[in-house]
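Novice: sequence unknown, structure follows:
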């Protein structure tokens, strides 16, 4: 079956979209979509399926491949002359963790991250029983028991969980089935590239890169505090920053080795300072797999590519992980995929050996 975009709502399939945007990420809580189609207000089944504020369960397929299981968040309709259109937007089921506060216990003792996530997710998934009791959270790595873990009153579920996950180099995002996934990012550099992207060759349409010196520092010092004074300290340096630019932060949640937390802060800063995006034609990689495919067995590992684009100040080939993938239909180029790229080594906790902007 071709890569037809199909929304399935209450067992019924809807196709014929004239505008499509599908966003798949591993560093954000919920995948999302936006689709537009001609609208006929006399069709009762369409009115029922896309009733505003219905929070309908929806499954998005590309051909036979399930991409997103979620809910409809927003519906908009417009009329201009004889033209009527409807736009439907939705997110994976995990989107509710971004929106809603924790309504339940705020303190957890002796539990691992996945166990805490289960306690927070279960009430929010209660009307979707096929994901209960345990499948609403899956993980390819977990933490040791966190004691204690305290959320603030009114804190959103995702904000609290990511505050517990980040010190351990863990990411939280959604699976195609709607589960919350806890992924160990350290595995990302191990995946072999699925494509070699070179400026002016193959299906590479465009590349852009930005270099932000404000986000990068020469030394990172992390300290916990006890009774208002420094307690445990760790530090990491970035030798590629040629001037003295210190960053000191007090953290309430650090790894058992605080230098690991400092190293994570360094790699996060490097990732923020150097952003790369590439647009390729088609929704499939050279191997014929969807760019949105990221499951290898039970592990979630996004695709990696190599890239060389002198015109974007990237003359040296380097390896990148596609942490964000947007599939869309472009008026001039048809189906295209936008890849948000981060140097793969950063997810292993190390400063990349290859400097892409160095000739």
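Specialist: Ah, there it is. None of these values were measured; they are calculated from a predicted model.

Novice: so which bits of the helix or strand where residue 220 lies are buried?
Specialist: Taking DSSP states H and E as the criterion, residue 220 maps to strand 219-226. Neighbour counts over strand 219-226 (16 or more other CB atoms under 10 Å) mark 219, 220, 221, 222, 223, 224 as buried. Any C-beta I mention is one placed from the backbone N, CA and C, and that applies to glycine too.

Novice: between which two of those is the distance greatest?
Specialist: 219 and 224 (17.9 Å; CB to CB).

Novice: quick check: residue 210 vs residue 357, distance?
Specialist: Note on residue 210: its distance to residue 357, by CB to CB, to the nearest Å, is 11 Å.

Novice: who has more neighbours, those two?
Specialist: residue 357 (14 against 11; other CB atoms under 10 Å).

Novice: how about the more buried one, secondary structure?
Specialist: Put simply, residue 357 is coil when judged by DSSP: H, G, I helix; E, B strand; the rest coil.

Novice: likewise for residue 239?
Specialist: Residue 239 - assigned by three-state DSSP - is coil.

Novice: and it, how far from residue 233?
Specialist: 20 Å.

Novice: can you check residue 198 too?
Specialist: 45 Å.

Novice: quick one: the helices in the stretch 101-250 of the chain, in order.
Specialist: Assigned by DSSP state H, counting those that start in this stretch, the helices in the stretch 101-250 of the chain fall at 113-124, 157-165.

Novice: quick one: which of those helices is nearest residue 144?
Specialist: Among the helices of the stretch 101-250 of the chain, the nearest to residue 144 by CB to CB is helix 113-124 (9.1 Å).

Novice: how far is the closest one from where the chain is centred?
Specialist: 19 Å (CA atoms, centre = their mean, to the nearest Å).

Novice: which secondary structure elements does it sit against?
Specialist: helix 95-99, strand 107-108, strand 137-139, helix 157-165, strand 180-184 (3 or more CB pairs under 8 Å, 6 or more residues apart in numbering; DSSP states H and E).

Novice: need the winner for burial among those.
Specialist: strand 180-184 (a mean of 24; mean count of other CB atoms under 10 Å).

Novice: returning to what we had before: what's the mean pLDDT across the strand holding residue 220?
Specialist: Looking at strand 219-226 alone, the average pLDDT works out to 80.

Novice: perfect, I'm done here.
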